[in-house]
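Asker: Would you be able to build a 3D model of this:
(one chain, ligands or ions: 1)
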Amino acid sequence: MRPIQVFDDKMEGSKAIARHIAHLVKRRREEHKPVVLGLATGSTPIGVYEELVRIHKNEGLSFDHVVTFNLDEYYPMRPSSQQSYSWFMHHHLFNHIDVPAQNIHIPDGALAKNHIPAFCRGYEAAIKNAGGIDLQLLGIGRTGHIGFNEPPVSADSITRLVSLHPITIEDAARDFGGISFTPTEAITMGISMIMQAREIVIAGWGPNKAAIIKKAIEANIDEQIPASYLQTHPSVKWVLDKEAAAELSEMTVHTDA
Ligand code: GLP
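Answerer: Numbering: from 1, shown residues only. As a prediction, this is how the structure comes out:
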């Protein structure tokens, strides 16, 4: 995949990402090796998961050697709640493929607050023990967040409890039936773990993301634009639809595509 790919619509972009992931999963299986995927939530990756489920069902791709680590979870949040990222992942992906339950890792939003730091250290240790993340899938929030790393965030931030930005709370309120019901905190992988992934694929669809995507790709690296740290990653691919890419300068798209 090229560093910036622009598709006519999100369906085409989602299928391209799913094919790319499926290729990695298949290759590792042929090598009899596990593969570690870092997974994202939100509306952005839904089409990718749909296509992976289709490939599993129609083309027989197995995920039984796949290990997954999700980026984040709201706090507080019971995993069984329909608004949890745990529920989201099972609903959109895990319930429909053959990934072993013990290989699935999602930050636990039901912990007592004083247990969170130890949990976060364990989460990072588990990623390292699994061999590190081979491919990290990302979306981008309107604040420029990746995972729930809201601005300002440092490059060496670790997995931790964070406060959500008011814009993020406003965006999430749709899923929670109003701002007053929306969590104001979350547990997220930090920028440093995301940047350690061997490969990163970040997707963006629609006009609402165009301005922040332009900043993340074309502005200087800045703690106020968390996704701008990706500029220093050796293997990052932006997969966009036309609307999300609309504000990029022609040079950016042309040079990199
Ligand atoms: C959520 C998630 C992010 C996601 C972002 C964008 O808050 N924690 O991982 O990338 O917001 O959401 P959406 O894909 O719905 O636009």
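Asker: Show me which residues of the chain are close to the ligand?
Answerer: 40-44, 71-72, 139-141, 147-148, 168 (Cβ under 6 Å from any ligand atom). For the C-beta atoms, the positions are set from N, CA and C on the backbone; glycine is no exception.
Asker: just those residues now: which is nearest residue 92?
Answerer: For these, the minimum distance to residue 92 (Cβ to Cβ) is 8.5 Å, reached by residue 41.
Asker: Report the closest residue of the stretch 51-200 of the chain relative to the ligand.
Answerer: With Cβ to the nearest ligand atom, the shortest gap between the stretch 51-200 of the chain and the ligand falls at residue 139, namely 2.6 Å.
Asker: What subset of the residues of the chain next to the ligand is buried?
Answerer: Neighbour counting with 16 or more other Cβ atoms under 10 Å marks 40, 41, 42, 44, 71, 72, 139, 140, 141, 147, 148, 168 as buried within the residues of the chain next to the ligand.
Asker: sorry, back to before: skip the chain neighbours and tell me the closest residue to the residue of the stretch 51-200 of the chain closest to the ligand.
Answerer: Here the nearest residue to residue 139 in space, its sequence neighbours aside, is residue 44; by Cβ to Cβ, 6 or more residues apart in numbering that works out to 3.4 Å.
Asker: What strand or helix carries the one you found?
Answerer: Here residue 44 is covered by no helix or strand, with elements defined by DSSP states H and E.
Asker: And for residue 63?
Answerer: Using DSSP H and E, residue 63 falls outside every helix and strand.
Asker: Can you point out the buried residues in stretch 123-138?
Answerer: 123, 124, 127, 130, 133, 134, 135, 136, 137, 138.
Asker: Contacts for it, please.
Answerer: Applying Cβ atoms under 8 Å, 6 or more residues apart in numbering, the external contacts of stretch 123-138 come out as 17, 21, 24, 28, 34-40, 45, 48, 67, 69, 71, 105, 107, 146-147, 158-159, 189, 193-194, 196-203, 227.
Asker: what does the average pLDDT come to for that stretch?
Answerer: For stretch 123-138, mean pLDDT is 98.
Asker: thinking again about what came up before, could you flag which of the contacts of stretch 123-138 are buried?
Answerer: Among the contacts of stretch 123-138, those classed as buried by neighbour count (16+ other Cβ under 10 Å) are 17, 21, 24, 28, 35-40, 45, 48, 67, 69, 71, 105, 107, 146-147, 158-159, 189, 193-194, 196-197, 199-203, 227.
Asker: Correct me if wrong, but residue 120 is in a strand.
Answerer: No - applying DSSP: H, G, I helix; E, B strand; the rest coil, one finds residue 120 to be helix, outside a strand.
Asker: What's the local residue count around it?
Answerer: Using other Cβ atoms under 10 Å, residue 120 is surrounded by 22 other residues.
Asker: Quick one, grab the pLDDT at it.
Answerer: According to the model, residue 120 carries a pLDDT of 98.
Asker: Perfect, I'm done here.
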